[in-house]
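[1] quick one, structure for this:
(chains A and B)
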Amino acid sequence: MPGTATSVRIRLGNEIRAARQAAGMTQVEIAELLGCKQGKINKIEDGTVAVKPADLDVMLDAYKVGAAAAELMRDLAASGDRRGEWTGYRSAVPTWFRTFTNLEQAASEIFAWHGERINGALQSEHYMLTQFRAAGNTNVTELMRNRRDRKRVFDLHPPPSHRFILGEGVFLRMPGGPNPGVALDQVQYLIDMIERYPDVSIHILPFEARLPYIPNDFTIMRFTDGTTNCAFIEHVAGMQKIDNEVSFKKFVDAWDQLRGPALERNQTLDFLRDQAARFAEQLDA
Amino acid sequence: MNAADQEPAAPPGVDLEHPSVARVYDFYLGGTANWAIDREFGKKVLSRFPLIRPIAKANRVFLHRAVRHMVRLGVRQFVDVGSGVPTMGSTHQIADELCDDARVVYVDNEPVAVAHSQMLLEENGDRGRHAAINADLREPDELWQRVREIEVLDLTKPVGLLMIAVLHVQQLGPDGTDMGPSAVARFRQLLSAGSYMGISHVTSEGVPADYDTQMAELKALYDSRSSPVIWRTHEQVAELFGDFEILEPGLTWTTLWHPEETSRMAPSITFATPNESMIWAGVGRKG
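    Modelled structure (predicted):
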């Protein structure tokens, strides 16, 4: 059963696109039939906007979709109106990021690799506020509310499986410059996450790892609700979603490559405790 | 009115560098809203002054007793100034145990504390009766106006004003001196007749002899690394109440104030002598 209204839309969008392609029609052609722009068709197929039942009927007819499939798609369109969409992120973050966080709530497995920064889901409150303050955002309540909503993903039932690989560098580069207070807080927070959530694995990738090179940060999501598996890479101008099967597999392979030399749970805990001691000492100085 | 409207357009810069009094207090009470810098500071304090923990708990328990007592006396509106981060039973939770129509506004001038309070209320508060706002007690008129604008309380009716463990944090005025007492004097004027005021304040008068060094160290730590503090004598604390009628048993140690108002679920705190609780407290009523 699809998790959120968004994943329902995404799934429906996938079905619609598949039906269009099976019928050999272009987005422009169906847009003409519906009297709208191609961009809107694209948004419907991406799952960013909902499709009106009347428009869906036109599509189902034009694509000559079979009765069973048509019924499924009508059901999906109807259930997409359900409340339950996670509306955690508000104006504090750009729209493109909302897709990512909505999917995050619906994924059954999440794998993420970050080399020099702690990714949002794992940031401690002090780290998060320092990062946003350094970037000029001071709307504290909004930021904290967003963060709390995002953390809910760890308390879902059943909990998705979360696996994070963090490069050793994440502890060397703090938002706004060296900051033992923030670093200590973040390290302690990670230790607490590992101890508290059995479905969260965190693996440190030490600098000693014998890898030819490391890839840019990415996040992989797998779904059991029909949503296409995808990878995300975040860049300065937005976020890129990759759901092409061939490309997706390359990300999975890249993950496996990093996972090999990354530290196991107990080694990671030891590493983090050492870091904590180091930062506590710096703080005391 | 949604939460975003409760904040000033440009909140005072968030201090992300120093341990905050509220978060350190949260650490003493076993809360989770504190950061590493607060924990490290708190641990340092505890190493010099282990009784800080029960002292903090006894202060928190005084807040609970004061709220219960005021509710029993008919108070249904509370303004909790310097409310900090919600820990170990907040004012609205205590009041809601005894009645279903109490209204509470939490006020703090620290944005992270305010955010925590707002989020707590979103989880288990009642939008019609509870709110948390960012305002500074050094500007009583503006604070009062903000409370008025929230439209949760009727300030023409009696209010229980709570200033618990906040006045011993120096309220520095534009001339660099503590203006706590003058701010409180203005609050006494702003409160309508029949209102109450609850205050708890660290005092160095009448504490055990061996507290001298520890309290000096405590002050030195807070002054240098967190927020500057100020201890007051019993008389100075009494002066904060102006001509309000002090309720029985008068101003006293937190542990001695209406112990019958303690809930069965309160942590048991044992001091060898009441003066070990270090905090002078009481409730006054405006005629």
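
[2] and the helix or strand where B:Ala185 lies, what other elements does it pack with?
    B:Ala185 belongs to helix B:180-190 when assigned by DSSP states H and E. Applying 3 or more Cβ pairs under 8 Å, 6 or more residues apart in numbering or on different chains; DSSP states H and E, one finds that helix B:180-190 contacts helix B:140-150, strand B:196-202. C-betas here are computed from N, CA, C, even on glycine.

[3] next one: B:Ala266 from B:Lys57, what distance?
    Relative to B:Lys57, B:Ala266 is positioned 9 Å away (Cβ to Cβ, to the nearest Å).

[4] the more surrounded of the two?
    Comparing B:Ala266 with B:Lys57 by other Cβ atoms under 10 Å in any protein chain shown, the one with more neighbours is B:Lys57, at 20 against 17.

[5] looking at strand pairing, list the partners for the most centrally placed residue in chain B.
    Nearest to the geometric centre of chain B sits B:Ile164, at 2.6 Å (Cα atoms, centre = their mean). Beta-bridge partners for B:Ile164, by DSSP bridges, are B:Ser200.

[6] ok, back up a step: let's have the helices and strands packed on helix B:180-190 in TSV, adding mean pLDDT and mean neighbour count.
    Output for the helices and strands packed on helix B:180-190, formatted as TSV (pLDDT from 0 to 100; neighbours: other Cβ atoms under 10 Å in any protein chain shown):
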stretch	mean pLDDT	mean neighbour count
helix B:140-150	97	17
strand B:196-202	98	26
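
[7] kindly present the ones you listed as TSV, with separate columns for distance to A:Val58.
    Output for the helices and strands packed on helix B:180-190, formatted as TSV (distance: least, Cβ to Cβ, whole Å):
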stretch	distance to A:Val58
helix B:140-150	50
strand B:196-202	67
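
[8] looking at these, which is closest to B:Thr32?
    Closest approach to B:Thr32 among the helices and strands packed on helix B:180-190 (Cβ to Cβ): strand B:196-202, 23.5 Å.

[9] send the alpha carbons of that closest one over as CSV?
    These are the backbone C-alpha positions of strand B:196-202, laid out as CSV (Å, rounded to 0.1, in the frame of the first residue of the first chain):
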residue,chain,number,x,y,z
TYR,B,196,-0.4,36.7,41.5
MET,B,197,3.4,36.6,41.0
GLY,B,198,5.6,33.6,41.7
ILE,B,199,9.3,34.1,42.0
SER,B,200,12.3,31.9,42.8
HIS,B,201,15.8,33.3,43.2
VAL,B,202,19.2,32.0,44.2
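
[10] list the contacts for B:Glu235?
    When the contact criterion is Cβ atoms under 8 Å, 6 or more residues apart in numbering or on different chains, B:Glu235 has no partners at all.

[11] doesn't B:Tyr106 lie inside a helix?
    No. Going by DSSP: H, G, I helix; E, B strand; the rest coil, the assignment for B:Tyr106 is strand, not a helix.

[12] so it sits against B:Ile133, correct?
    Yes. At 7.3 Å, B:Tyr106 counts as touching B:Ile133 under the criterion of Cβ atoms under 8 Å.

[13] give me the common contacts of these two.
    Any residue near both B:Tyr106 and B:Ile133 by Cβ under 8 Å, 6+ apart counts here, and that gives B:Val114.

[14] out of the two, which sits in the more crowded spot?
    Remark: of B:Tyr106 and B:Ile133, B:Tyr106 carries more neighbours, 29 against 25, as counted by other Cβ under 10 Å.

[15] next one, pLDDT for that one please.
    For B:Tyr106, the model assigns a pLDDT of 97.

[16] B:Ala22 versus that one, what's the distance?
    In this view, B:Tyr106 and B:Ala22 are 11 Å apart by Cβ to Cβ.

[17] equivalent analysis for A:Thr227, please.
    For A:Thr227, the distance to B:Ala22 (Cβ to Cβ) stands at 43 Å.

[18] do B:Ala66 as well
    According to Cβ to Cβ, B:Ala66 stands 18 Å off from B:Ala22.

[19] between the two, who's got more neighbours?
    Each of B:Ala66 and B:Ala22 has its neighbours counted (other Cβ under 10 Å); B:Ala66 has more, 30 against 27.

[20] now the angle from whichever strand or helix holds B:Val79 to helix B:180-190?
    For B:Val79, the host element (DSSP H and E) is strand B:77-81. Calculated by axes from the mean of the first three to the mean of the last three Cα atoms, to 10 degrees, strand B:77-81 forms an angle of 160 degrees with helix B:180-190.

[21] name the helices or strands packed onto strand B:77-81?
    Helices and strands touching strand B:77-81, by 3+ Cβ pairs under 8 Å, 6+ apart, are helix B:91-98, strand B:103-108, strand B:160-164.

[22] for stretch B:171-188, which positions count as buried?
    Under the neighbour-count criterion of 16 or more other Cβ atoms under 10 Å in any protein chain shown, stretch B:171-188 has B:Gln171, B:Asp178, B:Met179, B:Gly180, B:Pro181, B:Ala183, B:Val184, B:Arg186, B:Phe187, B:Arg188 buried.

[23] among the residues you listed, which two are most distant?
    Maximum pairwise distance among the buried residues of stretch B:171-188 (Cβ to Cβ): 17.3 Å, between B:Asp178 and B:Arg188.

[24] need the residues of the stretch 101-250 of chain A near chain B, please.
    Residues of the stretch 101-250 of chain A lying close to chain B by Cβ under 8 Å from any Cβ of the partner chain are A:124-126, A:129-130, A:133, A:138-145, A:148, A:181-182, A:184-185, A:188.

[25] what's in contact with the strand holding B:Val79?
    The set of residues external to strand B:77-81 that reach it, using Cβ under 8 Å, 6+ apart, is B:67, B:70, B:91-92, B:95, B:102-108, B:137, B:143, B:147, B:153-154, B:157-164, B:166.

[26] same deal with stretch A:251-267?
    By Cβ under 8 Å, 6+ apart, the surrounding residues in contact with stretch A:251-267 are A:111, A:113, A:163, A:165, A:194, A:201, A:203-206, A:209-211, A:214-215, A:218, A:220, A:231, A:242, A:271.

[27] quick check: end-to-end length of it?
    25 Å (Cα to Cα, to the nearest Å).

[28] where do the strands sit along the chain?
    The chain I'm using is chain A. Using DSSP state E, the strands of chain A run over A:109-114, A:161-167, A:200-205, A:218-222, A:230-235, A:238-242.

[29] chain B was what I was after
    Using DSSP E, the strands assigned to chain B run over residues B:77-81, B:103-108, B:130-134, B:160-164, B:196-202, B:245-246, B:252-253, B:279-285.

[30] distance of the closest residue in space to B:Ser192 that isn't next to it in sequence from B:Phe241?
    When the adjacent residues along the chain are set aside, B:Ser192 lies closest to B:Thr156, with 5.7 Å between them (Cβ to Cβ, 6 or more residues apart in numbering or on different chains). Counting by Cβ to Cβ, the separation of B:Thr156 from B:Phe241 is 22 Å.

[31] who's more crowded, the two?
    Per other Cβ under 10 Å, whichever of B:Thr156 and B:Phe241 has more neighbours is B:Phe241, with 19 against 9.
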